[in-house]
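Chemist: Sequence plus the predicted model coming up.
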Amino acid sequence: MNSDTFSFLTEAALDRTPVSGWTHNFYRYPARFSPRFAAAAIDCFSSPGDLILDPYMGGGTVVVEGLAAGRNVVGNDLNSLAAFITRIKVTPLTPLEASAVAQWAAREIPDFRYFRSATDVVPFIDAEKTRNLSLVRARFIKKVVAAALASLTSLPTANARDFARCIILRTSQWALDGRKSHTPLEEFRTRLALLTDEMLKANRELGEQLKLSSARATVLNVDASRLDKSRVFASTENRASLVVTSPPYPGVHVLYHRWQVDGRRETPAPYWIAGCNDGQGASYYNFGDRRETAADTYFERSLATLTVIRRVMRDGGHIVQLVAFNRPEDQLPRYLKNMRAAGFVENKLGNSRIWREVPNRKWHAALKGKTSSSREVVLVHRAV
């Protein structure tokens, strides 16, 4: 890596500007990837028309930025919620669908109330996926969300219904996740209407951008160790020139599949609202249990996925990652060993690597201060 590329990536990685632009704010996915860093990596290591892969796409930041830059993109995550969110972010609505969503919001939102008959809302409440939403600070919002979900049947297409689901999901996250107090009904309705306008505008702007190229996105929902079995990589000619990603971090616990409500009690409510399946524990999404001191399970799963990622890449292609470690002194060398074993050689400027403080941490994580896992390192490797 030359000094200009290193400086460009460093500036982007250290940027602490809040996430914004395109459709990035459709959902606050945990450990959100920086759009500016993703765009910088794409600019440095790919060209228009290239195929880019993010095997652990999370909220789909790389998929959105890659499409906007005229690249074909494959985004994958084993979390069905991530696949739902990313698909909504990169699917432009037709004018008729956008109009229907706007009319739905104008017509339905004023009628969302706490007091609805059981006949109206019970069919739209999943008892398992609404666990802990009967607690004091959440139970009233649960009824409003159920009423909102019930109203989706008035929308004309699956795309329009899913887009409206995402609006409800984002509003509910704001109203429930990590809140220290109850959200009043009027504030919920006001935020829902505001987000409808904002998200429709962002969808329209990305749609206009996508008309400028023939770039396409494929969103997958599989274990990364099975990417080579996907039809998108069935042809040996269809290989990724660049991977930009942020994998799960060894020994670092992240709630990819839960919100924390009413005193940080966990609820799988996002899967209820998005209409997705969950059914997995935290270790499934984190490559292993954080209580496993040596993180052996993590490194076994990491090597398996990295080996497959190399298999679906072109020789000479690059993989750019943001990674944090619970114990960087021993886990970073192990991770680099996995990279070598999978068929990658590190590409850095001399002995220098880019490190950054994780921006915009949740309040309860920030209380712990600057732990080892609050710092991320940029790793750039070449496929050999």
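Modeler: Cool, the structure landed.
Chemist: Skipping its backbone neighbours, what lies nearest residue 160 in space?
Modeler: Leaving aside its chain neighbours, residue 160 sits nearest to residue 97 (4.3 Å; criterion: Cβ to Cβ, 6 or more residues apart in numbering). (Each C-beta comes from the backbone N, C-alpha and C, glycine too.)
Chemist: which residues in this structure form strands?
Modeler: For the chain, the strands defined by DSSP state E occupy 51-54, 72-76, 217-220, 240-245, 259-261, 265-267, 313-324, 344-346, 354-357, 375-383.
Chemist: packing partners for the fourth one?
Modeler: Contact here means 3 or more Cβ pairs under 8 Å, 6 or more residues apart in numbering; DSSP states H and E; on that basis strand 240-245 packs against helix 35-45, strand 51-54, helix 61-68, strand 313-324.
Chemist: For residue 223, find the nearest of those.
Modeler: strand 51-54 (14.5 Å; Cβ to Cβ).
Chemist: Note down every partner strand of that closest one and its orientation.
Modeler: Next to strand 51-54 in the sheet, as set by DSSP bridges, lie strand 72-76 (parallel), strand 240-245 (parallel).
Chemist: Redo those as JSON lines? Include distance to residue 131.
Modeler: Converted to JSON lines, these look like this (distance: least, Cβ to Cβ, whole Å):
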{"stretch": "strand 72-76", "distance to residue 131": "28"}
{"stretch": "strand 240-245", "distance to residue 131": "31"}
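Chemist: Tell me which of these approaches residue 166 most closely.
Modeler: Closest to residue 166 of the strands paired with strand 51-54, according to Cβ to Cβ: strand 72-76, at 15.9 Å.
Chemist: one step back: need the strands of the chain in TSV with mean neighbour count, can you?
Modeler: Listed next are these as TSV, based on neighbours: other Cβ atoms under 10 Å:
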stretch	mean neighbour count
strand 51-54	28
strand 72-76	27
strand 217-220	20
strand 240-245	26
strand 259-261	21
strand 265-267	17
strand 313-324	20
strand 344-346	16
strand 354-357	16
strand 375-383	20
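Chemist: Those strands: which one's closest to residue 130?
Modeler: Of all these, it is strand 265-267 that lies closest to residue 130, at 7.0 Å by Cβ to Cβ.
Chemist: can you give me how far the closest one is from the chain middle?
Modeler: Mean-position distance between strand 265-267 and its chain equals 19 Å (Cα atoms, centre = their mean, to the nearest Å).
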